[in-house]
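1. Output the structure for:
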Amino acid sequence: MASWSSLGFQDSASPLMEQLIFFHDHALLVLILITTLVGYMLGSLFFNSLTNRFLLEGQTIEIIWTVLPAIVLIFIALPSLRLLYLLDEVNTPSVTLKTIGHQWYWSYEYSDFLQVEFDSYMLPTAELSDSGFRLLDVDNRTVLPMNTQIRVLISAADVIHSWTVPALGVKADAVPGRLNQVSFTINRPGLFFGQCSEICGANHSFMPIVVESTSINAFLDWISSSSEA
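-> Here you go, the predicted model:
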């Protein structure tokens, strides 16, 4: 049985995702207040035989229900614009990862290091370990260091894909012939799962993403072993 926590977002693993969750909660509170107020007014009109005529017409009420929504929109727009700016900002990256979507797998290249590139395919159910996640685990995980500014360059080789990792607050289209980029910082170690979020063909549901966040020393050890291999 699913718990109530499964109805919300995944636990945040980046500052950007924390801000997205905060904005969602902020907007949801505004919606609840609006729904409560409008519901109360409609209820009073429907079920109260002695309706105040000033709620039906008048210069004052016209001004109120014109100005009040404008103020509410400002309280939603300002944090929204701030968040859009933060999501689009690319700080000086310490690690650059290039990912290319294929039908139906991802290929990765660590541009800052020589000969570190690989393809990442979904693990078939028959090859999963007891602790594996069906339709989410891959044969080659994308290893990234925590507390480090990461830039991901995203493209595609055939059709449009979408590189999406919800816990990191990342979702960017992979478009053939075009290079998109996202920037983020992972603030805790762990495994973070994602999937292609663009309908890209028959096996669209079978090209997952697994980001493994490690310490910087563990990441450099992994880079060294991958370069030697």
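2. Nearest residue to the residue positioned nearest the centre of the chain in space, please, no chain neighbours.
-> Nearest residue to the geometric centre of the chain (Cα atoms, centre = their mean): G169, 3.0 Å. What sits nearest to G169 in space, not counting adjacent residues and going by Cβ to Cβ, 6 or more residues apart in numbering, is M17, at 3.4 Å. For the C-beta atoms, the positions are set from N, CA and C on the backbone; glycine is no exception.
3. for the host helix or strand of the one you found, which positions count as buried?
-> Using DSSP states H and E, the element containing M17 is helix 15-47. Going by neighbour count (16 or more other Cβ atoms under 10 Å), the buried part of helix 15-47 is 16-17, 19-21.
4. Buried residues, the helix or strand that that helix is followed by. List them.
-> Using DSSP H and E, the helix or strand that directly follows helix 15-47 along the chain is helix 59-88. Buried residues in helix 59-88, counted by 16+ other Cβ under 10 Å: 83, 87.
5. So what's the gap between helix 59-88 and the chain middle?
-> 24 Å (Cα atoms, centre = their mean, to the nearest Å).
6. Run through the neighbouring helices and strands of that helix.
-> Contact analysis of helix 59-88 by 3 or more Cβ pairs under 8 Å, 6 or more residues apart in numbering; DSSP states H and E lists helix 15-47 as its packing neighbours.
7. One more pass at 10 Å, please.
-> Packing partners of helix 59-88 (3 or more Cβ pairs under 10 Å, 6 or more residues apart in numbering; DSSP states H and E): helix 15-47, strand 180-185.
8. Give me the residue ranges of this protein where confidence is low.
-> 1-5, 48-56, 228-229 (pLDDT under 70).
9. Okay, domains of the protein per the record?
-> 12-88, 95-228 (automatic domain parsing).
10. Any chance of those domains in a markdown table with distance to S6 as columns?
-> Below are the domains of the chain laid out as a markdown table (distance: least, Cβ to Cβ, whole Å):
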| stretch | distance to S6 |
| --- | --- |
| domain 12-88 | 15 |
| domain 95-228 | 13 |
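11. which non-adjacent residue is nearest R134?
-> Per Cβ to Cβ, 6+ apart, closest to R134 is T125, 5.6 Å.
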